[in-house]
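Student: This is the structure alone, sequence omitted:
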Ligand SMILES: [Mg+2]
Ligand SMILES: [Mg+2]
Ligand SMILES: [Mg+2]
């Protein structure tokens, strides 16, 4: 067995009047995440973790922020490119563990649905994807969402 | 061999007149960590890393912050639930690596004792738990403690 | 096969009139990273990840910040000590994945050269080291560089 590890991180600021999209889900909330694409902080962190695990670059090298093609893009497109990279390298996902850090909205009530969506996007069993959430206690970061993602690959 | 990875993160603000508890140790310090439970930022991060590795939820789903049962609770209780979850899933801990980020107190002089305490709580050999520390240089976060924990499980 | 995981994190503030050194590379930039050593935030994070994976302490325990011996030191020295520790423990590196978080300079154009340098310092194939970069969107941290490093060891 050969194994590899990857870690990805991302942040986006909240912005009024923008739809909120996290983990491929549209979420009811007064603000969304600002970004060139759909601002999906969780899918971006997972994408970077997958690319990092096979040393294939990073999300910015595949999808330059200024490129008009990715304006408002569905971040599932980014994730799919990362999945292709790990397949090309001959690996499959053992498991993915993620942590969202944000003051609001509460993730707990929608974590199940979000996991199902991400499992489907990654084409892995529900038991191999974890989505945890924390508030940024003491950090003064209530206007930002951050995501950490760690992945283990095997072949 | 089957393996899984987990990553947990936590933060708590320092608060005067509260006992400081990190890694299950009572530490002499003018301030402690504010929180609904005993505020043990390190045990919370490890708990989340373990839960995440087996996709069993997060510390907030097992121990909702508002629940009066966990007011001032010993965070070893949270850790024990996470250990049960990984045992139920058939896994054991390969190793745990953690990083505390805080301006004070200095962790170096007590890191050995803290490792012994955490090893005992996790019921693993001393050589399978690492506790590192950093100051938050340039971040303006001297009033907060953060913890990162990463775990590798095998069965 | 025995495997172990490690995670390291570091931050340094930018400071005018100091040479910038990241990943062992001298980088043209108006500011460098303040620190007792050469301030190489990426090598520090990798050093801590390696030490953590074999539970051998942290960069501060080997190289106390105040020690005059390490004033302006080349951080490759720190990395070499960590490599000795993992060799002494009988492990080799499976792969290393890193993430730089900084507003400037842009890492993309020099990421290839930086990977070659770090691969050479770690004495591993280029395909086993990843260097990703992100800007700290929404965090108000344009004056700081942070690095995350995760490593997988095997024997
Ligand atoms: Mg992003
Ligand atoms: Mg906590
Ligand atoms: Mg440093």
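Tutor: That came through fine. Everything numeric in this text was worked out from a predicted model, so none of it was measured. Residues are numbered from 1 along each chain as shown, chains lettered A, B, ... in the order given. Ligands and ions are numbered 1, 2, ... in the order given.

Student: so which residue of chain A comes closest to chain B?
Tutor: residue A:138 (3.0 Å; CB to the nearest CB). In this view, the C-beta of every residue, glycine as well, is placed from N, C-alpha and C.

Student: What is the neighbour count of that residue?
Tutor: Neighbour count for residue A:138, taken as other CB atoms under 10 Å in any protein chain shown: 20.

Student: Now for it: which residues touch it?
Tutor: B:11, B:12, B:13, B:14, B:34, B:141, B:143, B:144 (CB atoms under 8 Å, 6 or more residues apart in numbering or on different chains).

Student: isn't the fourth one right up against residue B:39?
Tutor: No: using CB atoms under 8 Å, residue B:14 makes no contact with residue B:39, being 9.3 Å away.

Student: Which of the helices or strands spans residue A:13?
Tutor: strand A:3-16 (DSSP states H and E).

Student: just checking, what packs against the helix or strand following that strand?
Tutor: Once strand A:3-16 ends, the next helix or strand along the chain (criterion: DSSP H and E) is strand A:20-22. Other elements packing on strand A:20-22 under the criterion 3 or more CB pairs under 8 Å, 6 or more residues apart in numbering or on different chains; DSSP states H and E are strand A:25-27, strand A:31-33.

Student: go again using 10 Å as the cut-off
Tutor: Under the contact definition 3 or more CB pairs under 10 Å, 6 or more residues apart in numbering or on different chains; DSSP states H and E, strand A:20-22 sits against strand A:25-27, strand A:31-33, helix A:41-53, helix A:108-122, strand A:144-154.

Student: Single out the most deeply packed of those.
Tutor: Across these, the average number of neighbours (mean count of other CB atoms under 10 Å in any protein chain shown) peaks for helix A:41-53, which reaches a mean of 30.

Student: what angle separates that one from helix A:108-122?
Tutor: Angle, helix A:41-53 to helix A:108-122, by axes from the mean of the first three to the mean of the last three CA atoms, to 10 degrees: 40 degrees.

Student: Now do helix A:41-53 against strand C:144-154, angle only.
Tutor: 50 degrees.

Student: How far off centre is helix A:41-53?
Tutor: Computed by CA atoms, centre = their mean, to the nearest Å, the chain-centroid distance of helix A:41-53 equals 6 Å.

Student: again, but for stretch A:90-99
Tutor: For stretch A:90-99, the distance to the chain centre is 12 Å (CA atoms, centre = their mean).

Student: And the average pLDDT for stretch A:147-155 is what?
Tutor: The average pLDDT within stretch A:147-155 is 98.

Student: again with stretch A:131-138
Tutor: Mean predicted confidence for stretch A:131-138 is 97.

Student: Near ligand 3, which residues of chain A? Just list them.
Tutor: Within chain A, no position lies close to ligand 3 (CB under 5 Å from the ion).

Student: For ligand 2, what's its nearest residue on chain A.
Tutor: residue A:137 (7.0 Å; CB to the ion).

Student: Would it be right to say that that residue lies in a helix?
Tutor: No: counting by DSSP: H, G, I helix; E, B strand; the rest coil, residue A:137 is not found in a helix; it is coil.

Student: before we move on, what SS does the nearest residue to residue A:50 once chain neighbours are set aside have?
Tutor: For residue A:50, the nearest residue in space outside its immediate sequence neighbours is residue A:82; the separation is 3.9 Å by CB to CB, 6 or more residues apart in numbering or on different chains. Three-state assignment for residue A:82 (three-state DSSP): helix.

Student: Need the per-residue pLDDT for residue A:82.
Tutor: 98.

Student: ditto for residue A:67
Tutor: Residue A:67 is given a pLDDT of 87.

Student: So what pairs up with residue A:154 in the strands?
Tutor: residue A:3, residue A:92 (DSSP bridges).

Student: just checking, residue A:104 touches residue A:30?
Tutor: Yes: between residue A:104 and residue A:30 there is a contact at 9.1 Å, judged by CB atoms under 10 Å.

Student: Need the overlap of contacts for the two.
Tutor: residue A:14 (CB atoms under 10 Å, 6 or more residues apart in numbering or on different chains).

Student: Just send the helices and strands packed on strand A:20-22 back as a markdown table, with distance to residue B:25 too.
Tutor: Output for the helices and strands packed on strand A:20-22, formatted as a markdown table (distance: least, CB to CB, whole Å):
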| stretch | distance to residue B:25 |
| --- | --- |
| strand A:25-27 | 39 |
| strand A:31-33 | 38 |
| helix A:41-53 | 32 |
| helix A:108-122 | 30 |
| strand A:144-154 | 26 |
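
Student: roughly how far is stretch A:146-155 from the heart of the chain?
Tutor: Distance, centroid of stretch A:146-155 to centroid of chain: 10 Å (CA atoms, centre = their mean).

Student: and that stretch, is it in reach of ligand 1?
Tutor: No: with CB under 5 Å from the ion as the criterion, ligand 1 is not reached by stretch A:146-155; the gap is at least 8.5 Å.

Student: so what's the residue of chain A found nearest chain C bridging to?
Tutor: Residue of chain A nearest chain C, by CB to the nearest CB: residue A:13 (3.0 Å). Going by DSSP bridges, residue A:13 is paired in beta bridges with residue A:144.

Student: who's in contact with it?
Tutor: Taking CB under 10 Å, 6+ apart, one finds A:31, A:33-35, A:39, A:141, A:143-145, C:137-140 in contact with residue A:13.

Student: Name the nearest residue to residue A:34, sequence neighbours excluded.
Tutor: Using CB to CB, 6+ apart and skipping residues adjacent in sequence, the residue nearest residue A:34 is residue A:15, 4.0 Å away.
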